[in-house]
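>>> predicted model and sequence below, questions to follow.
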Amino acid sequence: MLQERSLERLGSNVAQPVDIRVICATSRNLEKMVQEGTFREDLYFRISVVRVHMPALRDRAEDIPLLAEYFLNTFAKAHNKQTRGLTLGFLHALTGHGWPGNVRELQNVIERSLVLADGHERLGVKDLPQELQGLPSPRKCRRALSTNRCAPSSGNWYGPHCACIPETSCRQRASWGSADATCIAC
């Protein structure tokens, strides 16, 4: 089917054309598995037309505040809950976690925190699952924005605070204010 782009239904000898795209995802090293003989080489070359490497969430901590806010808004609508955002402590706890379950684990943590929250406006550390509440916070930033930036979200800061993230993940400097401004919330 992948090569010929057609299939024969069970009990038929007439080939039916199909217009499909196959998307495959794995966390395993398929090239190594082909060399070891544990994955079929012909199948590997059929499915590896366009390869996109997506690093694990633990390797892109700068994405956590944006993903957390997205999931918060999505689940707030789904569960008919009112919330105004995430506290700085909540975001620090999220960025301090290793995320072995990757984005799916983050999604579940946000949903569970929202569903079990006490009804206050912003989710805080006390709304996190117990295993995430005791995580050390990432280093506080007291440097100029040229070293650390505050990440705006939908044109707003995360609540009255901001989430400081490494310069390597900064968005455009011009959209965040002057270079000598300091992050007073952190």
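Perfect, thanks for sending it.
>>> can you confirm residue 63 is in a helix?
Yes - the assignment for residue 63 is a helix, going by DSSP: H, G, I helix; E, B strand; the rest coil.
>>> per-residue confidence for it?
For residue 63, the pLDDT comes out at 93.
>>> give the contact list for the closest residue to it other than its chain neighbours.
Closest residue to residue 63 apart from its sequence neighbours, by Cβ to Cβ, 6 or more residues apart in numbering: residue 57 at 6.9 Å. From N, CA and C alone the C-beta is placed, and that goes for glycine too. Taking Cβ atoms under 8 Å, 6 or more residues apart in numbering, we find residue 57 in contact with 63, 64, 67, 99, 102, 103, 105, 106.
>>> so residue 50: helix, strand or coil?
Classified using three-state DSSP, residue 50 is coil.
>>> quick check: phi and psi on it?
Residue 50 has phi and psi values of phi -120, psi 120 when expressed as degrees, to the nearest 10.
>>> cool, and residue 127?
Torsion angles, degrees, to the nearest 10, at residue 127: phi -90, psi -10.
>>> measure it to residue 4 for me?
Residue 127 sits 53 Å away from residue 4, taking Cβ to Cβ, to the nearest Å as the criterion.
>>> so which of the two has more stuff around it?
Ranked by neighbour count (other Cβ atoms under 10 Å), residue 127 and residue 4 place residue 127 first, with 24 against 9.
>>> mind checking the SS state of residue 44?
Following three-state DSSP, we place residue 44 in the helix state.
>>> how many neighbours does it have?
So residue 44, with other Cβ under 10 Å, has 14 neighbours.
>>> with residue 53 instead?
4.
>>> next up, the contacts around it.
Per Cβ under 8 Å, 6+ apart, neighbours of residue 53: none.
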